[in-house]
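1. Just the structure for this:
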Amino acid sequence: MPKKFLTVKEVARLLNVTPLTVRNWDTKGKLMAHRHPLNNYRLYKVEELEELMKELEISKVAVKVPKSVQPPTKSGVRKLKIDVL
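-> Prediction:
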């Protein structure tokens, strides 16, 4: 039987973010938490998370890398230039 609700930790692992980020999204209204009746833990519906994941995928595609970002060198390592005063 598939789960209908996920815990904060499960959501964080699924979305590759920290549990604190999940709680902050709840506070800001990006996610809607349902509370467990006995322990008052946050629980999230799987359907709502699927919708959020679709939105995140769409936003990843729409993100463009600015020209100011230096491309990696041939070795694949970016060099950091530090000026000392």
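
2. Going by C-alpha atoms from here, please, whenever you check contacts or count neighbours.
-> Will do.

3. which outside residues touch the longest helix along the chain?
-> Secondary structure of the chain per DSSP state H: the longest helix is helix 46-62. Helix 46-62 is contacted by residues 3-6, 11, 15, 31 when judged by CA atoms under 8 Å, 6 or more residues apart in numbering.

4. now do stretch 2-11
-> Contacts of stretch 2-11 (CA under 8 Å, 6+ apart): 19, 22-23, 41-46, 49.

5. what about 6 Å?
-> Applying CA atoms under 6 Å, 6 or more residues apart in numbering, the contact partners of stretch 2-11 are 19, 43-46.

6. Can I get it in PDB? Just the C-alpha atoms.
-> The C-alpha trace of stretch 2-11 is given here as PDB (Å, rounded to 0.1, in the frame of the first residue of the first chain):
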ATOM      1  CA  PRO A   2       1.600   3.300  -1.100                       C
ATOM      2  CA  LYS A   3       2.100   6.000   1.500                       C
ATOM      3  CA  LYS A   4      -0.200   9.000   1.300                       C
ATOM      4  CA  PHE A   5       1.900  11.300   3.500                       C
ATOM      5  CA  LEU A   6       5.600  11.900   3.900                       C
ATOM      6  CA  THR A   7       7.600  13.300   6.900                       C
ATOM      7  CA  VAL A   8       9.800  16.300   6.800                       C
ATOM      8  CA  LYS A   9      12.900  14.100   6.600                       C
ATOM      9  CA  GLU A  10      11.500  12.000   3.700                       C
ATOM     10  CA  VAL A  11      10.500  15.200   1.800                       C
END
